[in-house]
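# Pasting a predicted model and its sequence here:
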Amino acid sequence: MYDGDIASVLITEQQIKDKVAELAKQVDDDYQQGGDLLLVGVLKGAVMFMTDFARALPQPAQLEFMAVSSYGSSTSSSGVVRILKDLDRDIAGKHVVIVEDIIDSGLTLSWLLKNLKARNPASLEVCTLLRKPDAVQVDVPVRYVGFDIPNEFVVGYGLDYAERYRDLPYIGTLDPKVYTSGV
Ligand SMILES: O=P(O)(O)OC[C@H]1O[C@H](OP(=O)(O)OP(=O)(O)O)[C@H](O)[C@@H]1O
Ligand code: HPA
Ligand SMILES: [Mg+2]
């Protein structure tokens, strides 16, 4: 699949699976509040992580999705965040965990945290599978991080380049020829 486009496999399918289980256990240990947790997945990138994470979580959780976009079809964030789909429900008084695939510049999450905080949840934390520490432009408080990765553009397991590669079961680096060829 996608022959020649992937320069290297950064995180294997098994490594993702193990990490998802580990993160789910950590979250479960920390939330003994009684009452369902509310997971807010950020579309589309977080969709694979969100569904695996929810199934690995030993306690009940309700799933909500938001779609925001800052990247479009480019490999760097514009910093301008647009809501493409808002939550369907009020989150006031709920224990909310934002589920993200990646924190790159941090701009998306920084904006999202501000936006959700204003809706008065009982608590608000972030669980991200990936983070690029060297790319962060704004510091965001993140309680749960799967992997810190190098500052390279990655695809797979929900992450796209121009809407492709989300369906790869692992995370890999993209061969620069893919985004320099102008296709
Ligand atoms: O930390 P940042 O630099 O803001 O980048 C992280 C965000 O960018 C990506 O979303 P994108 O806008 O590409 O939408 P998508 O999830 O639909 O691909 C990714 O899924 C994160 O939500
Ligand atoms: O490295 C990345 N890959 C795909 N989408 C992204 N959105 C932010 N960073 C990335
Ligand atoms: Mg994207």
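Ah, there it is. Ligands and ions are numbered 1, 2, ... in the order given.
# what about the residue in the chain that ligand 1 sits nearest to, which helix or strand?
Nearest to ligand 1 in the chain, going by CB to the nearest ligand atom, is Gly45, at a distance of 2.6 Å. Every residue, glycine included, has its C-beta placed from N, CA and C. Using DSSP states H and E, Gly45 is not contained in any helix or strand.
# Give the residue spans of this structure that score low on pLDDT.
For the chain, residues meeting the criterion pLDDT under 70 lie at 71-79, 182-183.
# Now do the buried residues in the longest helix along the chain.
Ranked by number of residues, the top helix in the chain under DSSP state H is helix 13-30. Residues 16, 19-20, 23-24, 27 are the ones in helix 13-30 that count as buried (16 or more other CB atoms under 10 Å).
# Remind me what it packs against, helices and strands.
Applying 3 or more CB pairs under 8 Å, 6 or more residues apart in numbering; DSSP states H and E, we find helix 13-30 packed against helix 47-56, strand 123-131, strand 144-148.
# Among the ones you listed, show me which one is buried the most.
Comparing those by mean neighbour count (mean count of other CB atoms under 10 Å), strand 123-131 comes out on top with a mean of 22.
# From the contact counts, what lies against that one?
Packed next to strand 123-131, using 3+ CB pairs under 8 Å, 6+ apart, are helix 13-30, strand 95-103, helix 107-117, strand 144-148.
# doesn't Tyr170 make contact with Thr12?
Yes: if you go by CB atoms under 8 Å, Thr12 and Tyr170 touch, sitting 5.3 Å apart.
# So for the two, which sits in the more crowded spot?
Neighbour count, other CB atoms under 10 Å: between Thr12 and Tyr170, Tyr170 has more, with 16 against 13.
# Name the residues of this structure found near ligand 2, please.
Contacts of the chain with ligand 2, taken as CB under 6 Å from any ligand atom, map to 71, 102, 104, 153-155, 159-160.
# Now the buried members of those.
With neighbours counted using 16+ other CB under 10 Å, the residues of the chain next to ligand 2 contain these buried positions: 71, 102, 104, 154-155, 159-160.
# Mind putting those into TSV with distance to Asn120 and secondary structure?
Below are those laid out as TSV (distance: CB to CB, whole Å; DSSP: H, G, I helix; E, B strand; the rest coil):
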residue	distance to Asn120	secondary structure
Tyr71	29	coil
Ile102	27	strand
Asp104	28	coil
Val154	35	strand
Val155	36	strand
Leu159	31	strand
Asp160	33	coil
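# Would you list the phi and psi of the closest residue to ligand 2 within the chain?
Of all residues in the chain, Asp104 sits closest to ligand 2, at 3.5 Å by CB to the nearest ligand atom. The phi and psi values for Asp104, taken as degrees, to the nearest 10, are phi -110, psi -90.
# Is it in contact with Thr128, as I believe?
No: under the criterion of CB under 8 Å, Asp104 makes no contact with Thr128, lying 10.2 Å away.
# Common neighbours of these two, please.
Counting by CB atoms under 8 Å, 6 or more residues apart in numbering, Asp104 and Thr128 have no common neighbour.
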